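Student: Generate a structure from the sequence data that follows.
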Amino acid sequence: MGGSPRRHRDALRLQHADDRSHDAMRLDELLSIVPLWLVRSSVFAFGLLWGSFLNVVIYRVPLEMSVVRPASHCPGCGKPVEAYDNIPVLSYVILRGRARCCGARMSPRYPLVELIGGALSLAILEVIILRLPGSISVGHAAAIYGADFALCLGLVAAAFIDAEHMFLPDSITIGGTIVGVFTASLRDLGTVASVVGALSGFLGVFVPFIFLYKGLLGRTGMGLGDAKLLALAGAWFGWPGALFTLLAGAVQGSVYAGVTRLLGIEPTLPAAVLEDIAELEKAAAAGDEEAKKALAEDPLTEDENDAFIVSFFRRLFGVSEPDRDAEASADGGAPADGGAPADGGAPADGGAPADGDARADDAASVEGAPARRDADGENGAGDDDDESSAPRARIPFGPFLILAILELLFAGEWLKEKLVPFLWPVF
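Tutor: Residues are numbered from 1 along each chain as shown. Next up, the predicted model:
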């Protein structure tokens, strides 16, 4: 007895799909033709080239410059860099870290980022691509490599930007989240699970560490950029990945803070941030409303007495607000409304950051707990030193979250099996 017409059509469609998959070159067939050493060297060189482009992104995005135009030029004299002086790593070694045109010293960050790009590209090949079934098509393997490498590039750029300017660009955090959702099938993660992971990651930071922390304690616990970065992690690895990223980032940040304290290293705000603080405060003093708004919204310069949830309940039950000016005078500090707080920060470019976020994008304490730290590295007010003399020391939290995301990418299966299996329930 024959089957229904619909079943015949479905069988024919599956047969045609199988035929097309057989026509495409398989990964094992490619590797049988092309020597593995050539594949590895090509992938590494490809990563070096994109690492060179990352240096452009890291330098220009905080300055709101195009990453395409103008072409690469000397930071010392502005002269265009010739192609033969723009070879990743090699040109830096040959020129001994100085520009050929004017002799200006080039930052060692340039070859470092290029090497990181090459290393990550090679790591994706070794850890992810070469472990795929040999029967997978070359196109499918290339799609997996491309998505994972794009994630790595974005994370590296975000880490260096955050370390220098203390903000995370929307183009990387939000853009990476969108890419994560649309490529979820490449990681055997359903689109719904990816969207749920992104929302969980964002809300898991925004609700407790931004909304409630600000409403109850008067200051922001973590930055909005950190919440967006957790959304990216959730989009790529589901809600367990977002949770792991938050926990691992906090642990790694705490370890770093502990080591620096043992070594007697006092963390301070990056020079670029201090310059931006001065520019914003100068503009605000001159009456610039945008500068005033940026100072008010940035966790490093916000009004720490703005506990709006507490104020709401005070008004609801008729409890009078405390005399903040009197408290500030008694403590030897400036009145609460006497200008921008002394422990400030500012957007990376002297105004709003390139992608629309203030440095609220990254303001978490390095010890994982969302508490402010004074210049001596202690939580809370501590000493009665004049805090108006300098902003309190802060270390950006973003790089530690980014490190955790990379750990998920390259060691996720091992982490699932050995360390935190309870974070990966069966979906």
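Student: only C-alpha atoms for contact and neighbour calcs from this point on.
Tutor: Fine.
Student: Pretty sure His73 sits against Ala83.
Tutor: No. Counting by C-alpha atoms under 8 Å, no contact exists between His73 and Ala83, whose distance comes to 10.8 Å.
Student: of the two, who's got more company?
Tutor: His73 (14 against 9; other C-alpha atoms under 10 Å).
Student: Could you count how many residues lie near the closest residue to the more buried one other than its chain neighbours?
Tutor: Closest residue to His73 in three dimensions, ignoring its sequence neighbours and counting by C-alpha to C-alpha, 6 or more residues apart in numbering: Pro80, at 4.0 Å. Applying other C-alpha under 10 Å, we find 13 residues neighbouring Pro80.
Student: what do you get for the one 5 residues further on?
Tutor: Residue crowding around Asp85 was assessed by other C-alpha under 10 Å; the count is 14.
Student: So what's the predicted local confidence for it?
Tutor: We note a pLDDT of 83 for Asp85 in this prediction.
Student: which residue sits closest to it, ignoring its sequence neighbours?
Tutor: Ser91 (5.3 Å).
Student: is it true that that neighbour lies in a helix?
Tutor: Yes. Secondary structure of Ser91 (DSSP: H, G, I helix; E, B strand; the rest coil): part of a helix.
Student: how much space between it and Ala99?
Tutor: Between Ser91 and Ala99 the computed distance is 10 Å (C-alpha to C-alpha, to the nearest Å).
Student: the more surrounded of these two?
Tutor: More crowded of Ser91 and Ala99, by other C-alpha under 10 Å: Ala99, with 21 against 18.
Student: Could you give the backbone dihedrals for that one?
Tutor: phi -70, psi 140 (degrees, to the nearest 10).
Student: hang on, it packs against Cys74?
Tutor: Yes. In this structure Ala99 lies within contact range of Cys74 using C-alpha under 8 Å: 7.0 Å.
Student: intersection of neighbour lists for those two?
Tutor: Jointly contacting Ala99 and Cys74 under the rule C-alpha atoms under 8 Å, 6 or more residues apart in numbering is no residue at all.
Student: Output the below-cut-off pLDDT ranges for the stretch 251-400 of the chain.
Tutor: For the stretch 251-400 of the chain, residues meeting the criterion pLDDT under 70 lie at 299, 301-304, 321-393.
Student: rerun at 50
Tutor: Applying pLDDT under 50 to the stretch 251-400 of the chain flags the ranges 328, 331-358, 360, 363-393.
Student: and the longest helix seen in the chain, how far from the chain's centre?
Tutor: Secondary structure assigned by DSSP state H gives helix 224-262 as the longest helix of the chain. Centroid separation for helix 224-262 versus its chain: 10 Å, with C-alpha atoms, centre = their mean, to the nearest Å.
Student: In terms of secondary structure, what does it contact?
Tutor: Helices and strands touching helix 224-262, by 3 or more C-alpha pairs under 8 Å, 6 or more residues apart in numbering; DSSP states H and E, are helix 170-182, helix 191-205, helix 398-414.
Student: Toward the C-terminus, what is the element adjacent to it?
Tutor: Sequence-wise, the next helix or strand downstream of helix 224-262 (DSSP states H and E) is helix 271-285.
Student: Give the buried residues for the helix or strand that that following helix is followed by.
Tutor: Next helix or strand after helix 271-285 toward the C-terminus (DSSP H and E): helix 289-297. Neighbour counts over helix 289-297 (16 or more other C-alpha atoms under 10 Å) mark Ala291, Lys292, Lys293, Ala294, Leu295, Ala296, Glu297 as buried.
Student: what's the answer for stretch 160-171, then?
Tutor: For stretch 160-171, burial by neighbour count (16+ other C-alpha under 10 Å) applies to Phe160, Ile161, Asp162, Ala163, Glu164, His165, Met166, Phe167, Leu168, Pro169, Asp170.
Student: Would you tell me what helix or strand Thr220 is located in?
Tutor: With DSSP H and E as the test, Thr220 turns up in no helix or strand.
Student: can you pull the contacts of the closest residue to it other than its chain neighbours?
Tutor: Distance criterion C-alpha to C-alpha, 6+ apart; nearest residue to Thr220, sequence neighbours excluded, is Lys214 at 4.8 Å. When contacts are counted by C-alpha under 8 Å, 6+ apart, Lys214 touches Thr220, Gly221, Asp306, Ala307, Phe308.
Student: Helix, strand, or coil at the third one?
Tutor: It refers to Asp306. coil.
Student: so it touches Gly215, yeah?
Tutor: Yes. At 7.2 Å, Asp306 counts as touching Gly215 under the criterion of C-alpha under 8 Å.
Student: more crowded one of these two?
Tutor: Taking other C-alpha under 10 Å, Asp306 and Gly215 do not tie; Gly215 has more neighbours (20 against 16).
Student: Asn305 versus the more buried one, what's the distance?
Tutor: 10 Å.
Student: Over to Ala404?
Tutor: Taken as C-alpha to C-alpha, the span from Ala404 to Asn305 is 33 Å.
Student: go on, Phe211?
Tutor: Distance of Phe211 to Asn305, given as C-alpha to C-alpha: 14 Å.
Student: Among those two, which residue is more densely surrounded?
Tutor: The residue with more neighbours, out of Phe211 and Asn305, is Phe211; 20 against 16, by other C-alpha under 10 Å.
Student: What about the closest residue to the more buried one other than its chain neighbours? Give its phi and psi, please.
Tutor: In space, and not counting its chain neighbours, Phe211 is closest to Thr220: 7.7 Å by C-alpha to C-alpha, 6+ apart. Taking degrees, to the nearest 10, you get phi -80, psi 140 for the backbone angles of Thr220.
Student: Thr220 against Pro208, yeah?
Tutor: No. Thr220 is beyond contact range of Pro208, at 9.9 Å (criterion: C-alpha under 8 Å).
Student: what about these two, which has more around it?
Tutor: More neighbours surround Thr220 than the other of Thr220 and Pro208, with 32 against 15 (other C-alpha under 10 Å).
Student: what sits against the most centrally placed residue in the chain?
Tutor: Note on the chain: the residue nearest the mean C-alpha position is Ala158, at 4.4 Å, using C-alpha atoms, centre = their mean. Contacts for Ala158 (C-alpha under 8 Å, 6+ apart) come out as Ile58, Leu168, Pro169, Ile172, Gly398, Pro399.
Student: rerun that using 10 Å as the cut-off
Tutor: Residues near Ala158 by C-alpha atoms under 10 Å, 6 or more residues apart in numbering: 54, 57-58, 152, 164, 166-173, 229, 398-399, 402.
Student: distance of it from Ala24?
Tutor: Computed as C-alpha to C-alpha, the Ala158 to Ala24 distance reads 36 Å.
Student: Understood, closing this out.
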